[in-house]
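>>> With the input below, show me the fold.
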Amino acid sequence: MTIDWLWGGRPAPKRGPKPTMTLEGIADAAMKVADAEGLAAVSMQRVAAELGFTKMSLYRYLPGKAELVAVMVERAIGEPPTMSENDWRPALEQWTRQLLARFLEHPWAVEATAGRRPLGPYEMGWMEQALARLEGLPLQGAERLDTIAVLAGHGRMLAQQAAAMVDEAGMVDAMGEVIRVHGHRFPHLIAAMGEGGADQAFEFGLARILDGVEVLIRQRS
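The predicted structure follows:
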């Protein structure tokens, strides 16, 4: 797949009738399908049908599904947000929360951003914005990149869990049944579950990640 489709290098069609669609409109139609039914439901034929055109007509705008998904990702995550915080820690907290919000809005984007793939200007912009907040700190380049990767991974994981709430509820029911019958074998699990408390996995994990980075910065300062 060429990255020209993500970086504004798309040539205008030179033959055939005047374009009646836009690449953005095609991507928006595909996102509507993905939001409702998941990424697997997206195909060139399905998107063409949603728009009232033939499958072949879409190939005047992009080569295939891989390119379509890449444009979908760019539109899903959007432009990097404007962050009100300047200090590195509150800024990265804000950055991670906003990234999580984008993934929660479009859960299929978690799957679409996994593995090796082309990166567009918006996604690269998110990385640049976060790395700018780590500039000047006693961290090596690889450590700054890893910090961003771990924070993004944390947000992706929690978004993925949120998208599987129905399955998670079923798992809790299954655990309850096992504990009812075999609870004597799992005293620590029962004790932890019995203490209750709010489910703050995202906030807890985010704080612990940044705590670790802060310790490292202090050690080197």
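>>> which regions of the protein sit below the pLDDT cut-off?
Regions of the chain meeting the criterion pLDDT under 70 cover residues 1-5, 9-19, 165-172, 193-199.
>>> hey, where'd the strands end up in it?
Remark: strands of the chain are absent; assignment by DSSP state E.
>>> buried set for the longest helix along it?
Taking DSSP state H as the criterion, the chain has its longest helix at helix 141-163. Using 16 or more other CB atoms under 10 Å as the burial criterion, the residues of helix 141-163 that qualify are 144, 147-148, 150-152, 154-159, 162-163. To be clear about C-beta, it is placed using only N, CA and C from the backbone, and glycine gets the same treatment.
>>> Could you measure from the residue nearest to T22 when sequence neighbours are not counted over to A164?
Spatial nearest neighbour of T22, chain neighbours left out: Y61 (7.7 Å); criterion: CB to CB, 6 or more residues apart in numbering. When CB to CB, to the nearest Å is the yardstick, Y61 and A164 sit 33 Å from each other.
>>> Could you do A191 as well?
In terms of CB to CB, A191 sits 26 Å off from A164.
>>> again with Q94
Shown here: Q94 relative to A164, a distance of 26 Å by CB to CB.
>>> I figured L206 hits Q94, correct?
No. Assessed by CB atoms under 8 Å, L206 is found out of contact with Q94, at 10.6 Å.
>>> Looking at the two, which is more packed in?
Taking neighbours as other CB atoms under 10 Å, L206 and Q94 compare with L206 leading, 20 against 16.
>>> May I have the residues that are in contact with that one?
Contacts were defined as CB atoms under 8 Å, 6 or more residues apart in numbering; by that measure L206 touches E93, T96, R97, L151, H154.
>>> Which one of Y61 and A164 is surrounded by more residues?
For Y61 versus A164, the count of surrounding residues by other CB under 10 Å is larger for Y61: 20 against 13.
>>> residues near D211, how many?
The tally of other residues near D211 (other CB under 10 Å) stands at 11.
>>> gap between the residue lying farthest from the centre of the chain and L51?
Distance to the chain centre peaks in the chain at H184, reaching 40.1 Å (criterion: CA atoms, centre = their mean). With distances defined as CB to CB, the gap from H184 to L51 amounts to 60 Å.
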